[in-house]
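Trainee: the following comprises the amino acid sequence and a computationally predicted model.
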Amino acid sequence: MSRWRPPSPSSTAIITREGFERLKAELDHLWHTVRPEVVKALAAAAAEGDRSENAEYTYRKKQLGEIDRRARYLSKRIPALKVAEGAPADREVVFFGAHITLENSASGEETRYRIVGPDETDAKLGWISIDSPMARAVLKKRLDDEFEAALPGGPTQFIVVDVGYDA
């Protein structure tokens, strides 16, 4: 048995203006605030002498590696992103950036989502990635349309109750 796995599908390179600004602010914060502090702490730990048994030095090296990895990812990802500006002409159709309310046809339970880019998803806020099965199923549906989404619990029927593009 081999360990080879097919490459994961690349995520969609689209983002909202707020998400784009948040990623740029994170990169700026990493480079200008966090990294200099960690480098200073690393230098202080290195000055203590024997590095082979210096837990602080080992910790700071790992921390610096994590910061550099995230900064490198953001430095490559930010220029590749396309910022989606404004709302579509037909505001009753679900597109990227939409705030939608869906009703589960079986239980009658309503859930509110916002379709955003994969770099800004947040389950607590109800922000789902445009690459998610739910978002792919609901895209281009109109107000009061019924659709089926292939969810982990099995296929589920939903109705589009509300579509909006304002926060």
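Mentor: Cool, the structure landed. Numbers count the residues shown, from 1 in each chain.
Trainee: how near is residue 149 to residue 156?
Mentor: Residue 149 sits 6 Å away from residue 156, going by CB to CB, to the nearest Å. Quick note: C-beta positions are derived from backbone N, CA and C, even for glycine.
Trainee: pull the longest strand from this structure.
Mentor: Assignment by DSSP state E gives strand 154-164 as the longest strand of the chain.
Trainee: could I get the full set of strands for the chain?
Mentor: Counting by DSSP E, the strands of the chain are 14-16, 82-84, 99-104, 110-116, 127-129, 146-151, 154-164.
Trainee: name every strand pairing with the fourth one and say which way it goes.
Mentor: Just to be clear, that refers to strand 110-116. strand 99-104 (antiparallel), strand 127-129 (parallel) (DSSP bridges).
Trainee: would TSV of these with mean neighbour count be doable?
Mentor: Converted to TSV, the strands paired with strand 110-116 look like this (neighbours: other CB atoms under 10 Å):
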stretch	mean neighbour count
strand 99-104	18
strand 127-129	18
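Trainee: residue 115: which of those is closest?
Mentor: For residue 115, the closest of the strands paired with strand 110-116 is strand 127-129, at 6.2 Å, according to CB to CB.
Trainee: can you give me how far the closest one is from the chain middle?
Mentor: Its chain's C-alpha centre and that of strand 127-129 lie 7 Å apart, by CA atoms, centre = their mean, to the nearest Å.
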